[in-house]
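Undergrad: Return a 3D structure for these sequence lines:
(2 chains)
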Number of protein chains: 2
Amino acid sequence: MVGMNPIDLNEVLATFDAAWSPRIVTRVNDYDIRLARFDGEHVWHVHTDTDEFFLVLDGEIEIGVRDPDERVVTLSRGQVFVVPKGTFHKPSSKTGASVLLVEPAGTLSVGDAHDEVPEHVDVTTGHLV
Amino acid sequence: MVGMNPIDLNEVLATFDAAWSPRIVTRVNDYDIRLARFDGEHVWHVHTDTDEFFLVLDGEIEIGVRDPDERVVTLSRGQVFVVPKGTFHKPSSKTGASVLLVEPAGTLSVGDAHDEVPEHVDVTTGHLV
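TA: Residues are numbered from 1 along each chain as shown, chains lettered A, B, ... in the order given. Have a look, this model is predicted:
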């Protein structure tokens, strides 16, 4: 998994079009570096045991959070945000976006508890590239 | 440390000029997300117990690695690389660069073993912003 060659994030992005279907770009110890396209709405969910890191590479995203009152955090290119463990959140993007994620390997895209998962959301721990 | 507001990486970069003096932008569980300026040469060093993740945000960097033969990996903007634990490496940048790093909190900038540290290299576990 940990290769000895550089990886170009744009080249990885060129290999898939699907939104809400994260790719595992590489690993740092037992953490994944994932790359995902955001487009439309994900689903309210919570990771009970882990924080989740978002870096917007392109486009703009919103992350609904309940902490505990519901509010929306907006992130544009070059901005980062960490959703703390135990915080319900719902990512979305009105315009489409490319996002780099950092979270422990094995973290499920819809968390440990979630609303009903719509068909366009991939229930996955990430796909190897 | 884990705040509930987005952080703009360019705003953090604007707060410091020093090369080889990483800032801790935020944390994901017990991992740091760090931001550093690279300019000139760092020092050969090794992290015996942890991988280290590099994402070039701007500019171009080189990472000398001994695996075991010495070679140089070149990374430009949007490219990522993981130096595996136990691998001696020396980051450098001919042109100057901005780099996002992911590694466990407490990881020392010059690792667990290193060549003599030049004065321009900050021996640190990262500075809080």
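Undergrad: Around chain B, which positions in chain A sit nearby?
TA: Residues of chain A lying near chain B by C-beta under 8 Å from any C-beta of the partner chain: A:2-10, A:25-29, A:31, A:33, A:50-53, A:55, A:57, A:65, A:67, A:73-75, A:78-82, A:84-85, A:100, A:102-104. The way it works is simple: take the backbone N, C-alpha and C, and place the C-beta from them, glycine included.
Undergrad: Those residues in helices, which ones?
TA: Counting by DSSP state H, these place A:9-10 in helices.
Undergrad: Now the buried members of the residues of chain A next to chain B.
TA: Among these, the ones that count as buried by 16 or more other C-beta atoms under 10 Å in any protein chain shown are A:6-7, A:9, A:25-29, A:31, A:33, A:50-53, A:55, A:57, A:65, A:73, A:75, A:78-82, A:84-85, A:100, A:102-104.
Undergrad: where does chain A have low pLDDT?
TA: The model of chain A has pLDDT under 70 over residues A:1-3.
Undergrad: residue closest to the middle of it?
TA: When C-alpha atoms, centre = their mean is applied to chain A, the residue found nearest the centroid is residue A:101 (5.1 Å).
Undergrad: partner residues bridging that residue?
TA: Here residue A:101 sits in beta bridges with residue A:34, residue A:54, going by DSSP bridges.
Undergrad: quick one, what contacts it?
TA: Contacts for residue A:101 (C-beta atoms under 8 Å, 6 or more residues apart in numbering or on different chains) come out as A:22, A:32-36, A:52-55.
Undergrad: and what of residue A:13?
TA: Residues in contact with residue A:13 (C-beta under 8 Å, 6+ apart) are A:35, A:37, A:98.
Undergrad: Also residue A:21?
TA: A:36-37, A:122, A:124, A:127 are the contacts of residue A:21 under C-beta under 8 Å, 6+ apart.
Undergrad: Take those and keep only those in strands.
TA: Residues of these located in strands (DSSP state E): A:36-37, A:127.
Undergrad: I figured residue A:42 hits residue A:88, correct?
TA: No. Taking contacts as C-beta atoms under 8 Å, residue A:42 lies outside contact range of residue A:88: 11.9 Å.
Undergrad: Between those two, which has more neighbouring residues?
TA: Per other C-beta atoms under 10 Å in any protein chain shown, whichever of residue A:42 and residue A:88 has more neighbours is residue A:42, with 27 against 19.
Undergrad: For the more buried one, give its distance to residue B:99.
TA: Residue A:42 sits 29 Å away from residue B:99, going by C-beta to C-beta, to the nearest Å.
Undergrad: again with residue A:126
TA: 24 Å.
Undergrad: for residue A:121, same thing?
TA: Remark: distance between residue A:121 and residue B:99 (C-beta to C-beta) = 32 Å.
Undergrad: Ok, residue A:100 next?
TA: From residue A:100 to residue B:99 the distance is 14 Å (C-beta to C-beta).
Undergrad: sorry, back to before: ranking the ones in strands among the contacts of residue A:21 by neighbours, who comes first?
TA: Within those, residue A:36 tops the neighbour count with 25 neighbours, counted by other C-beta under 10 Å.
Undergrad: so that one sits right up against residue A:23, yeah?
TA: Yes. Look at residue A:36 against residue A:23 with C-beta under 8 Å: they come within range, at 7.1 Å.
Undergrad: Please name the residues that touch the residue lying farthest from the centre of chain A.
TA: Here chain A reaches farthest from its C-alpha mean at residue A:4, the gap being 24.9 Å by C-alpha atoms, centre = their mean. With contact taken as C-beta under 8 Å, 6+ apart, residue A:4 is in contact with B:65, B:67, B:73, B:84.
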